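> need a structure here:
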Amino acid sequence: MARETHLGDADVSSSKAKDPDAYGDGDGNKLSLVPLIFLIFFEVAGGPYGAEPAVQSAGPLYALLGFLIFPFVWAIPEALVTAELSTAMPGNGGFVLWADHAFGPLSGSLMGTWKYVSGAINGAAFPALCADYLARVVPAVAGGGPRVATIVTFNVALSFLNYTGLTVVGWTAVGLGLGSLSPFLLMSGIALPKIRPHRWGSVAAEKDWKLFFNTLFWNLNYWDSVSTMAGEVDRPGKTLPKALVSAVSITSLGYLLPLMAATGAINAPPENWGNGFFADAAGMIAGKWLKYWIEVGAVLSSIGLYSATLSSAAFQLLGMAELGLLPRAFAVRAPVFNTPWISIVATSAITLGMSFFSFNNIVAAANFLYSLGMLLEFAAFIWLRIKRPDLSRPYRVPTSLPGAVALCLVPSAFLVFVMAIAGWKVYAISATFTAAGVGVYYLMRFCKARGCLRRGDSVPAPGQ
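Now for the predicted structure:
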């Protein structure tokens, strides 16, 4: 039976809610542990590509300290919150479901808007990035019709991959992950006898702290993206926490070890460490063959990043449609592959259109909107601890309420800092998207009240 737009308190108290692992029973198309680890890996990082500006902006010492400390300040708290709430409410939509259940459907709609826009803008960079890397090997791809054709082909091919199902996407991510990480493991091994530890202590003469912190933030966020497809995970109560712990470890080491190897083995000034310098460093350490391998790995990483981002965004739309926050069409699944094909097509079209624009201010706005969403997510985490202490939590962050508040306090302070340093254009763009989110919510209410739209079913309550 169709239900109203958000979960009621009784929904989470059913027998199956107390055993969310039952969601995975008997379904061979559910995501298992290994593919899920690599999907999370690509939703967050995809390898150390893009970490170079941390060295450029502050020098090796601060870059190494940043990637050593920041996972504890940001990545681990976000992953812990994601693990608790995803296992407590293992339905598609993730953070939208949490905000809806904690504060009501308007909050869910705002959360969905902020996170979807942020993710779509983030995903739009990857087709263009892939074309940029291919242009190093095939110069004709650098501009004009060939570049457009490359971006469109990239987008269409990965949209079809997502159409074939999350199991295929997940195991493809495993192969892409191994392919993108392997040259860095090899580089780190070859670099060992050449490392001079004193090089790790050097700093940049002129430090750009804004670039430094933005680099850390950009390379270590989106841990909660996996929550949007929690309903597709086999035994989520057990699988999600294990996958998040594994992905945090792989991602953190995937940044730290190559940085230690490259900054310790070569004597390059910080100003040389622009985007793509890892390939040059590998060439200096081992030869051109490894440089080319890392450039190929960058293409593989772009493919994995886009595919994982598209999956997360599409299942977020599905979850919002099931909650009644979007038209039911976004929850329609393909008859053979059981994937939300309309949501995939819509997200693919949006990111394809954005791929051809230069949008520095919009990217900054994406960070701002993501920060708003994370503040709401932390608030939902704390409020659900207060409001629903009886909620079944197969994984519970091992801390009391004051400890939970402390867990969210430092990352929240960092989010406020990121938002405070934004310019007026970012505020204006973010306000526009926020107003659009409010508008969509009230338009949906109006249409449903007038009978223009069928009421959306919320995420199926366990056991119903």
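> what's the burial count for residue 138?
11 (other C-beta atoms under 10 Å). Where C-beta positions appear, they are placed from N, C-alpha and C, glycine not excepted.
> Next one: it, what pLDDT does it get?
Listed pLDDT for residue 138 reads 80.
> how close does it sit to residue 158?
Residue 138 sits 19 Å away from residue 158, going by C-beta to C-beta, to the nearest Å.
> got a list of what residue 201 touches?
60, 61 (C-beta atoms under 8 Å, 6 or more residues apart in numbering).
> hmm, try it at 7 Å
Shown in contact with residue 201 (C-beta atoms under 7 Å, 6 or more residues apart in numbering): residue 61.
> Do you know the pLDDT at residue 420?
88.
> One more: the one 5 residues further on?
pLDDT recorded at residue 425 is 84.
> What helices and strands are in contact with the helix or strand hosting it?
Secondary structure assignment for residue 425, by DSSP states H and E: helix 424-449. With contacts taken as 3 or more C-beta pairs under 7 Å, 6 or more residues apart in numbering; DSSP states H and E, helix 424-449 sits against helix 105-137, helix 360-387.
> if you compare those helices, which one is most tucked away?
With neighbours defined as mean count of other C-beta atoms under 10 Å, these peak in mean count at helix 105-137, which reaches a mean of 23.
> how far off helix 424-449 does it point, in degrees?
130 degrees (axes from the mean of the first three to the mean of the last three C-alpha atoms, to 10 degrees).
> Run through the neighbouring helices and strands of helix 105-137.
By 3+ C-beta pairs under 7 Å, 6+ apart, helix 105-137 packs against helix 95-103, helix 144-163, helix 288-322, helix 341-354, helix 360-387, helix 424-449.
> For those, please prepare CSV with the additional fields distance to residue 55.
Shown next, in CSV, are these (distance: least, C-beta to C-beta, whole Å):
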stretch, distance to residue 55
helix 95-103, 32
helix 144-163, 29
helix 288-322, 16
helix 341-354, 29
helix 360-387, 21
helix 424-449, 26
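> Just name the most buried of these.
It is helix 95-103: most buried of the helices and strands packed on helix 105-137 by mean count of other C-beta under 10 Å, with a mean of 28.
> Where does pLDDT dip in the stretch 1-150 of the chain?
1-28 (pLDDT under 70).
> switch to 50 and redo it
Scanning the stretch 1-150 of the chain for pLDDT under 50 picks out the ranges 1-27.
> since we're on residue 337, how many residues are nearby?
16.
> Make sure it is indeed in a strand.
No. Residue 337 is assigned coil when assessed by DSSP: H, G, I helix; E, B strand; the rest coil, not a strand.
> isn't it right next to residue 165, touching?
Yes. With contact defined as C-beta atoms under 7 Å, residue 337 reaches residue 165; the gap is 4.6 Å.
> I'd like to know which of the helices and strands packed on helix 105-137 is closest to residue 229.
Closest to residue 229 of these is helix 288-322 (C-beta to C-beta; 4.1 Å).
> What angle do helix 341-354 and the closest one make with each other?
130 degrees.
> Direction-wise, compare helix 288-322 with helix 144-163 and give the angle.
60 degrees.
> Just the mean pLDDT for helix 288-322, thanks.
Mean predicted lDDT for helix 288-322 stands at 93.
> Output the contacting helices and strands for it.
helix 33-44, helix 95-103, helix 105-137, helix 144-163, helix 166-191, helix 277-286, helix 341-354.
> how about JSON lines for those helices, with distance to residue 260 added?
Below are the helices and strands packed on helix 288-322 laid out as JSON lines (distance: least, C-beta to C-beta, whole Å):
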{"stretch": "helix 33-44", "distance to residue 260": "20"}
{"stretch": "helix 95-103", "distance to residue 260": "34"}
{"stretch": "helix 105-137", "distance to residue 260": "24"}
{"stretch": "helix 144-163", "distance to residue 260": "32"}
{"stretch": "helix 166-191", "distance to residue 260": "8"}
{"stretch": "helix 277-286", "distance to residue 260": "12"}
{"stretch": "helix 341-354", "distance to residue 260": "34"}
